[in-house]
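Asker: have a look at this prediction, sequence included:
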Amino acid sequence: GDNAGGTSGDDASTGTSTGPVTLKDGSKVKLALVPGGAHPYFQPWKTTAAQDKTEFKLADATFNETGEWDQGKQNNVLNSLAAQGYNAFGIFGVSPTDINSTFEDLKAKGFAVGSLASCPAGDTNSADFCLSTDVEAAAYKAAKAAIEAMGGEGGLVHLTGNNVDSNTQRRIAGVRKAIAETNGKVTELSVITDIDEDLQTAQKAVADLLASKGKDIKGIVTTAYNPAVAAADGVASSKLPIKVVAIDDDAKILAGIKSGGVAATVAQNPVGQAYVGGWLLALLGSKQCTMKTPGVTVDSGSFIVTKANVDSYDTERKAKTVELQKEFAAQLSCQ
Amino acid sequence: MSAPVSETATAALQEPDAPVEAPQGGRTPWWANQRIGLLILVVALSALFGVLRPAFFNQQLVVFPLLRDIAMFTVVGLAQLCVLSIGHMNLAVGRMAAFSMMITGISYDLWHFSLYAGLLVGLVAGAAIGALAGWVIARTGVNSFVVTLALDFLLLGLIPLVYTALTDNAAFVTKPPGMRELRNYSLGDVCIGNVCGSPAVPQLTLFAVIAMAVVGWIYSRTKLGRELLMTGTSVKAAELSGIPTARRVITAHAMSGCLAALAGFMLAVSTGSIKATIGEEFMLPSFLGPILGGTLLAGGFISVWGTLLGTALTSVIRKGLDLLGVGLESLNIYLGLILLVALSTDRIRTVLSDRQGVRKR
Amino acid sequence: MKRFAVRFARTTEMTLLVICVVFFVGLVIASDGDLLAANSLRVLLQFLAVPVLIGLAQMVVLAVGQLNLAVGAIGGFAAVSMGVLMAEHGVPVFVALLIGFLLATVAGLVNGLLVVLTRINGFIVTLATMTVLLGVQYRVVGTRTVDDYPQSVKSFGSHAVFGVLPLIFLVALVVAALLAVMLRRTVPGRQLLASGGNPIAARLSGISNDRSVIIAHTLSGAILGVAAILTVASSPGVNKSIGGDWLLPSFAAPIIGGALLTGGSAVVLGTVLAAFIVRFVDTARAEFSLEPSWVNFVVGAVVLGSVVLGQLRSRRQERRTVLKAPDAAVAGGVS
Amino acid sequence: MTLFLADKVDKLFPGVRALDGVTLKLEAGSVHALLGENGAGKSTLIKVITGLYKPDGGRLVLDGSEVQFGSPHESASAGIGVVHQERNLIPGFTVGENILLQKLPTSRGLVDRSAIRTEAARWLAELDLDLDPDQPVTELSVAQAQLVEIAKALSVESRVLLLDEPTASITPNEAERLFRVVAKLKNDGRAVLFVSHKLEEVFQICDTVTVLRDGASVLESGPLGDLTRDQVVDLMVGRVHEALALPARTVPAADPLLELSGVGTASGHADVDLSVRPGEIVGLYGLVGAGRSELAKALLGLDRITAGEVRVRGQAVRIRNVRDALRNHKIGYVTENRKEEGVFLEQSVSRNIAVTVWDRLRKVLGYVPAKAEAAMVAEYVEQLGIRIASPAQLTGTLSGGNQQKVSLAKWLAAKTEILIIDEPTVGIDVRTKDAFHTLIWDLAANGLAILLITSDLPEMITLADRVVVMRDHRVQGEVANDHDYDTMSQRVIRLIHAEGTTAA
Ligand SMILES: Nc1ncnc2c1ncn2[C@@H]1O[C@H](COP(=O)(O)OP(=O)(O)OP(=O)(O)O)[C@@H](O)[C@H]1O
Ligand SMILES: Nc1ncnc2c1ncn2[C@@H]1O[C@H](COP(=O)(O)OP(=O)(O)OP(=O)(O)O)[C@@H](O)[C@H]1O
Ligand SMILES: [Mg+2]
Ligand SMILES: [Mg+2]
């Protein structure tokens, strides 16, 4: 995945399988998709959970975002769901450094567990599998897109979220990697962290940034939601010739792409995560299949969206989803 | 001069025909007692949730984590209670927990300490940072709210700097032997002969029990506890009665820091790793438990049992709503409303008991 | 007049004013005078409007010895209500803003009524209403960011008189001035402060403390309503994160500004100045590309330093007071 | 003409019948005394009249028509002014605003500051009080604050003025000034109700009297002229009250326990010389604000001593704080400010008394054995006759007299040898006052060195062996007490007003 501009990120794909495994009996599986808390990114999971339920004929499928970005609360939610009979869990762990413990607990009780949209920090994944955007790769792509939009030179600013989250550290690394590849033509002016908590903080940070350094900035890459919204808006109203590359494909950001305020965005694949994840968890939960290598990590793909492909990137994403299914089929050993 | 007052003076001071002044508030009926009210509420709500969702009594999946939570937040509450006892506040409880766990994490990661040695280091660090807050307050006379708020910001800045400097993932992932076990072990794993404890009770609760016992003992039995409460009731009167109020302020904050560290440790053990964000969610629960339980914000009165019950009440409500499958759209609405209704009944009980008291005459 | 000058020189306001000036001059020098550019000044002031208002909203309840933990929830709830009404229900701008303002005011009124009627500690009451309103805010807006409201609102939010003085900042100043007049020069204002200063004495003088508490909470709600309007007008959109970071600043401003937690103090000017100081720290963060961690560190140090300094000054003047002032505790219910 | 009538008023509190069919009649152009022991119900009656409490029975009649006041605001508008027993000023406000708080003058909807200034100045002038209406009340002395409250009561254009112990914390001089005002109001045809525990004052200014005992009126509107002091006291106490006869006591010749020479303090004292021997009661007299309490606090290390020397048992010492004073020098201080500094109102009686002795009682780890504590507390409750239902009772629920006993008990429990007693009987009824006098006398007889600060001249003359007079933070001189009121009071007052014996 080292060429930006609309090709599917299939670097992790082994792509040798023939087709998806069909689920025989999903009626014993109660699937729970549990994000870390409320966030627009996860909204597609809600509808996909319902789709999983009907398509795979599951006993139940639920979406529960009451964890409120607190690992303790999320653990509670998971336990409560387990107590209510849910036996297959697709989880976005609030704290990447803690979530393996949670996975271990659930695994110990015999549940099928998938790490969705984020992998645990470190080298081990205690869940059955991890299906997630490779955050470093996505940030790398985004930075590449920004550099391209900037014309390959100038100052770049990186706006992101919670500094002490290991995913943030990976994003920072991804952006730095892309900048390093320009051999000094592009410089990282600053990395602004901890502005994803709320929209106003992000907006204020962007405005201050533009006021103090606006002239030196050629591009802004954001790898968190609120800063993306704020940057798109701030740059548009300041009328500075700054290229903004955002993250995710929330309606607000897509509108920005269409109007030209946002140069590009990196879309991820939440639907694919929830759909393929649900399918996998149903297979594992019904004991039809097991993972050949437990804990395997697969990139769910990230897609550069520009004005050019804003109407078509979803097709590409759907293709990736189908591909993911095949890819996993090769990882399974089924009865 | 063992009895400086002579018979004549004593006789003069007696007022044989004066009626004994009635203790007001001391004669409330049992059902108006706030703690008993809370206990009844907790039990009633548990029963209600149990009836609606029998899974509520699932030992492994519900009771065990619930008790672990209650234990941890009780310790958080006790950390706040220590400063509330002198009429102060500690807005940095969470950050003090994060700070001491950072030290504990360093001790595991860099110095390869054992589980309990690291805990001890953390407790000392917590006590030290608390004492620092207390010292600033005592020396300058600046309001504790301001000092701990500022300290909170200071630590909020300091902690990530240290974490990013020392670790890759902004967390200490080294786990000393025993930490993993402590997370899941219950009293079921503690056996004397053939008799084992309940598998529904996590071993972590023992920390809370010890903390409650120590804090309870200090406040009910020792000179220190009494002096803290007197300082909380009236600093002026305490100073003029020979209580070293400045030192007591420092002690109270040090105790608070130490308990915050313990809570941070319990959180680290129960979620898995020692990270910078430990304690972020501590502040509101730290007040909620003690205050629901009857501890006064103004100082001078505390209740250790009340803190446990207050914490239990909120945890039980949350757990019950979780089990009822209440989504985020409604969860907070119900949580807030139940809290308000529960507390209003408390108020109604007090009013009723006052009325009854009057009618009896 | 001379006496007044002497008294003013000793106040916290004076200390804060000096700090403000020093800070500002320092920043101007550090930015090579860039900070004096119209745009920089505009940005500086633009993001002062809301902090000033939330500080005042807290100050007014502190003045009766109460506190309001629901500041962020009230503001956020009102802001998203206005946004959703305008963007999704086509309610005319004026009506929508009015409704939002009234919702916030009513929320404040309900806080006051609950405190008075149930006699539950104000801390707990506002904690409970905060929880409820957070739920309502989520219910109203979910995880979307709503921004599809009329341009007139946005141009109000971004307009600046002479390109320097943002309208919304002027609105905040007007509110501050009105509040100052109300607290200093109107009978209900004086009664409110009397209740806060000495509730027993106030009651013996025929002042209803209950009424004062209700008025204070309602005023707090109304000010938050204005803050919500300004938020809607000035931010790129409204979502559930609005109001999320209001709580601590709301306390920090009045307390740094010299308000007593026990009640009785009206420190409008102090609150405004304190908001300025906090804002300067933000500006410094952008100017020096500081990591947020350092900023927090500095804010902590500045707050502690300024208050300790102020305290030492007044201590020196009051050498004769024998005992240390007892640490003020937040008074709970007022009888 | 009867201006105001409270007819068979009842008031119940949870657990207490505070008023039981009390009738009170106030005539225009007369000053009426309301007397009774602590807790008799005087303040409660006033609060019922002003609409602060709702009566549980009876009726109020003003000017011949029945009235019901829902709040103090209504009674104030009806022309009833009141000075409550509690301190009653709003800290952040100016003198003027405090005076006019009940009805702030407004113009065009805003509070009119210049009107406040002029109107407040008028009331201040009426009381001959030289204060700036713009001054914050936090800068006032206790006495000044009290006078401001009186100005506040007058300011509602009151036809009926209720004064609840207005003279408890002011000097005779200031009291005289107040009495002149009262006389003027009386001539204007207003009705004044005067509550005081100082019977001398009552006899000086009152015309008629009502006596309360345990919430019931035992004498309703009797003319005061027909009664003697003893008769009044007997009515209040409910049995024959014997005049205080203190047993003989001699001061043993011994070296002073406490000695001050040339002491100066940060609060402005200069050249203070003073000594107290064991078994001696040294009175420290002066006008309010003379710096007596401040001197006591400086001795306890609460203020800096800048010059001179303090010797305890002959040793020069530097006392750092009250703890130091108590532990190392056995000095105790019974404060004048009972409610704020003397007792912990929201704590039990038992803790209040034991607070000074935990050091002595504690075992390992600071453990305080409950039994030893209870026994110790019981001993002092018994000795001082503190009326409580149980040692766990909150001190705030006790009457003033009993609170004062608690405040004293902790120093006796601590076995102090030097005791500084500041205004021990402010707001305390005659009988309890006599008991306190006996007690203090007795403590001295047992060898304690007592420094007695009081503004109550009769009390001073009853108790002190020597009277040291202070003015403006300096010692004016000393008078040996011959226990004769007339000669002593003259000598003391003369000393106070003597020009610059030591003053610079
Ligand atoms: N708010 C209250 N609630 C309950 N009891 C009260 C209340 N106020 C007064 N009492 C009780 O009513 C009785 C009368 O008290 P009150 O204050 O009227 O006495 P008093 O005659 O003014 O005494 P003092 O001379 O000490 O001022 C006392 O027993 C007191 O404890
Ligand atoms: N004329 C005055 N005006 C204002 N304040 C005064 C005046 N005189 C003294 N004060 C202040 O009043 C306080 C009274 O001091 P202190 O309490 O030591 O006096 P005291 O002789 O014990 O009188 P009291 O009877 O009030 O106890 C001091 O803080 C002093 O600064
Ligand atoms: Mg009274
Ligand atoms: Mg005095």
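Answerer: It's in. Ligands and ions are numbered 1, 2, ... in the order given.

Asker: which residues of the chain fall in strands?
Answerer: No chain specified, so I'll use chain A. Remark: strands assigned in chain A by DSSP state E are A:30-34, A:60-63, A:88-91, A:112-116, A:129-132, A:154-159, A:186-192, A:217-222, A:243-247, A:264-267, A:289-291, A:296-299, A:303-306, A:332-334.

Asker: that's the wrong chain, I wanted chain C
Answerer: Using DSSP E, the strands of chain C run over residues C:160-161, C:165-166.

Asker: who wins for proximity to A:Ala117 among the ones you listed?
Answerer: With C-beta to C-beta as the criterion, A:Ala117 lies closest to strand C:165-166 of the strands of chain C, at 39.1 Å. Bear in mind the C-beta positions are built from the backbone N, C-alpha and C, glycine included.

Asker: look at stretch D:328-346 and report the distance between its end residues.
Answerer: Taking C-alpha to C-alpha, to the nearest Å as the measure, stretch D:328-346 stretches 29 Å from start to finish.

Asker: touching ligand 3 at all, that stretch?
Answerer: No - applying C-beta under 5 Å from the ion, one finds stretch D:328-346 separated from ligand 3 by no less than 12.6 Å.

Asker: can you show me the strands along the stretch 251-361 of chain B?
Answerer: In the stretch 251-361 of chain B, the strands defined using DSSP state E, counting those that start in this stretch lie at B:274-275.

Asker: what ranges does it have for its helices?
Answerer: Here the stretch 251-361 of chain B has its helices, by DSSP state H, counting those that start in this stretch, at B:283-292, B:304-323, B:328-360.

Asker: for the second one, list every residue counted as buried.
Answerer: By neighbour count on 16 or more other C-beta atoms under 10 Å in any protein chain shown, the buried set for helix B:304-323 is B:304, B:306-323.

Asker: I'd like the distance from that helix to the chain centre, please.
Answerer: Centre-to-centre, helix B:304-323 and its host chain are 13 Å apart (C-alpha atoms, centre = their mean, to the nearest Å).

Asker: average pLDDT across it?
Answerer: Mean pLDDT, taken over the full extent of helix B:304-323, equals 93.

Asker: swap in the last one?
Answerer: Regarding helix B:328-360, the rounded mean pLDDT is 75.

Asker: against which helices or strands is that helix packed?
Answerer: helix B:34-52, helix B:304-323, helix C:93-118, helix C:122-141 (3 or more C-beta pairs under 8 Å, 6 or more residues apart in numbering or on different chains; DSSP states H and E).

Asker: does the third one come close to chain B?
Answerer: Okay, so that is helix C:93-118. Yes - residues of helix C:93-118 contacting chain B under C-beta under 8 Å from any C-beta of the partner chain: C:114, C:118.

Asker: just checking, what packs against that helix?
Answerer: Helix C:93-118 sits against helix B:328-360, helix C:71-89, helix C:122-141, helix C:151-158, helix C:209-234, with contacts defined as 3+ C-beta pairs under 8 Å, 6+ apart.

Asker: hmm, try it at 7 Å
Answerer: helix B:328-360, helix C:71-89, helix C:122-141, helix C:209-234 (3 or more C-beta pairs under 7 Å, 6 or more residues apart in numbering or on different chains; DSSP states H and E).

Asker: show residues contacting the shortest one.
Answerer: This points to helix C:71-89. C:54, C:57-58, C:91, C:93, C:96-97, C:99-100, C:103-104, C:107-108, C:130, C:133-134, C:136-137, C:140-141, C:146, C:148-150, C:221, C:224-225, C:227-229, C:231-232, C:238, C:240, C:242-244, C:246-247, C:250 (C-beta atoms under 7 Å, 6 or more residues apart in numbering or on different chains).

Asker: quick one: buried residues of it?
Answerer: Residues C:71-87 are the ones in helix C:71-89 that count as buried (16+ other C-beta under 10 Å).

Asker: cool, and the first one?
Answerer: By neighbour count, with 16+ other C-beta under 10 Å as the criterion, the buried positions of helix B:328-360 are B:328-340, B:342-344, B:346, B:349-350, B:353-354, B:357.

Asker: which of the contacts of helix C:71-89 are buried?
Answerer: For these, a neighbour count by 16+ other C-beta under 10 Å gives the buried set as C:54, C:57-58, C:91, C:93, C:96-97, C:99-100, C:103-104, C:107-108, C:130, C:133-134, C:136-137, C:140-141, C:146, C:149, C:221, C:224-225, C:227-229, C:231-232, C:238, C:240, C:242-244, C:246-247, C:250.

Asker: can you narrow the residues you listed down to the ones near ligand 4?
Answerer: With the criterion set as C-beta under 5 Å from the ion, no member of these is near ligand 4.

Asker: ok, B:Ser270 - contacts?
Answerer: By C-beta under 7 Å, 6+ apart, the contact set of B:Ser270 is B:68, B:72, B:183, B:204.
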